[in-house]
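Participant: coords please:
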Amino acid sequence: MVSNDQRRRQLAREKFLRQQQRRESARRRARTRNTVIASALAVVVVAGAGAFAAGAFDGKDKKDTAASKPSASPSKAADPCEKPAAGKVKPLSWKKEPALTIDKSAGYTMNLATTCGDIGIGLKAKEAPHTVNSFDFLAGKGFFDHTKCHRLTTNGIYVLQCGDPKGTGAGGPGYTIPDENLKDKSLKANVYPAGTIAMANTGQKHTGGSQFFLVYQDSQLPPSYTPFGTISDSGMKVLKKIAAAGESTGQGDGAPNATVVIDKATVKKS
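Facilitator: A predicted model of the protein is given here:
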């Protein structure tokens with residue numbers, strides 16, 4: 001007999017995977033349309049970085065969601081965070097992944113100075129060199145500065161998703177990076193443990209861009225998302241505060257009620 005909790009988790013995973021597929025189809029249509037536009041206007045198209053990974057956790061059609069879940073009022077929790085620092089997101093894009101320049105044998109740390117507090121992260125340069133190198137490059141260019149963490153999930157999957165300059169779940173740096181470290185020893189029984197930072201993707205292989213998710217509670221997901229770092233204890237306290245404020249839809253998947261903005265992202269070699 002399948003328990004209600006097991007069924008709820010299964011539905012959450014299925015929902016997540018369906019939206020990944022929808023967003024990938026939408027991106028393909030957008031790329032086709034933008035190719036035509038670009039031939040006349042020389043527009044640079046920024047590819048989305050995807051699903052749950054691409055910003056997508058609500059994979060069901062609206063009518064499916066309505067049929068499977070009771071209606072709920074949006075959460076009204078107070079915003080526990082400060083006002084964002086002055087400044088705007090830089091409209092940056094590149095056509096290809098930056099050259100690999102990090103020292104894979106060295107230690108690297110990333111700090112996300114957010115409106116809700118600092119989130120420190122130890123990066124896995126040896127296990128995920130392309131990913132860490134990309135974050136080192138993007139942080140150095142100010143790519144993440146003033147970007148909003150656009151999605152919080154509180155039902156079945158427990159993550160905060162960030163790294164999209166558009167704040168919609170469809171933005172990215174213009175290039176993709178390969179999947180890495182999918183057999184990390186921390187991933188057991190298809191569970192991304194609390195304290196993990198992992199890459200978002202479109203549901204297809206090697207489609208990570210700039211979006212990433214921060215796991216604040218153990219979350220069962222297929223091992224398809226590059227785990228590339230571990231969040232500090234103090235950073236976990238910040239995430240717990242954000243999660244406690246809830247998300248905007250009342251359905252367990254939406255914009256966080258907390259105004260989570262990355263004022264400044266920095267990567268340092270230790």
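Participant: mind listing the strands for this protein?
Facilitator: Under the criterion DSSP state E, strands of the chain are mapped to 108-114, 117-123, 147-148, 151-153, 159-162, 191-192, 196-199, 212-215, 219-220, 227-231, 253-254, 261-269.
Participant: could you measure from the residue nearest to Leu112 when sequence neighbours are not counted over to Gly195?
Facilitator: Counting by Cβ to Cβ, 6 or more residues apart in numbering, Leu112 lies nearest to Ile119, which is 4.3 Å off, once chain neighbours are set aside. Using the backbone N, CA and C atoms, a C-beta is placed for each residue, glycine as well. Counting by Cβ to Cβ, to the nearest Å, the separation of Ile119 from Gly195 is 11 Å.
Participant: I'd say the residue nearest to Leu112 and Cys149 touch.
Facilitator: No - Ile119 is beyond contact range of Cys149, at 9.9 Å (criterion: Cβ atoms under 8 Å).
Participant: distance of the residue nearest to Leu112 from Tyr175?
Facilitator: For Ile119, the distance to Tyr175 - Cβ to Cβ - is 25 Å.
Participant: neighbour-wise, which of these two wins?
Facilitator: Each of Ile119 and Tyr175 has its neighbours counted (other Cβ atoms under 10 Å); Ile119 has more, 27 against 17.
Participant: where's that one relative to Glu180, distance?
Facilitator: 21 Å.
Participant: also Val238?
Facilitator: From Val238 over to Glu180 the distance is 26 Å, taken as Cβ to Cβ.
Participant: who has more neighbours, these two?
Facilitator: Val238 (25 against 20).
Participant: what distance do you get for the residue nearest to that one when sequence neighbours are not counted to Thr266?
Facilitator: Distances taken as Cβ to Cβ, 6+ apart place Gly117 nearest to Val238, at 3.9 Å, with adjacent residues excluded. Distance, Gly117 to Thr266, by Cβ to Cβ: 15 Å.
Participant: settle it for me: which of those two has more neighbours?
Facilitator: The neighbour count for Gly117 versus Thr266, taken as other Cβ under 10 Å, is higher for Gly117 (18 against 14).
Participant: could you give the bridge partners of Lys148?
Facilitator: Val261 (DSSP bridges).
Participant: same deal with the one 4 residues further on?
Facilitator: Applying DSSP bridges to Leu152 gives these bridge partners: Leu160, Gly254.
Participant: just checking, it touches Glu247?
Facilitator: Yes - counting by Cβ under 8 Å, Leu152 does reach Glu247; the two are 4.3 Å apart.
Participant: Pro91: neighbour count?
Facilitator: So Pro91, with other Cβ under 10 Å, has 9 neighbours.
Participant: leaving out chain neighbours, which residue sits closest to it?
Facilitator: Pro165 (7.5 Å).
Participant: and what of Ala265?
Facilitator: Phe144 (3.8 Å).
Participant: cheers, nothing more for now.
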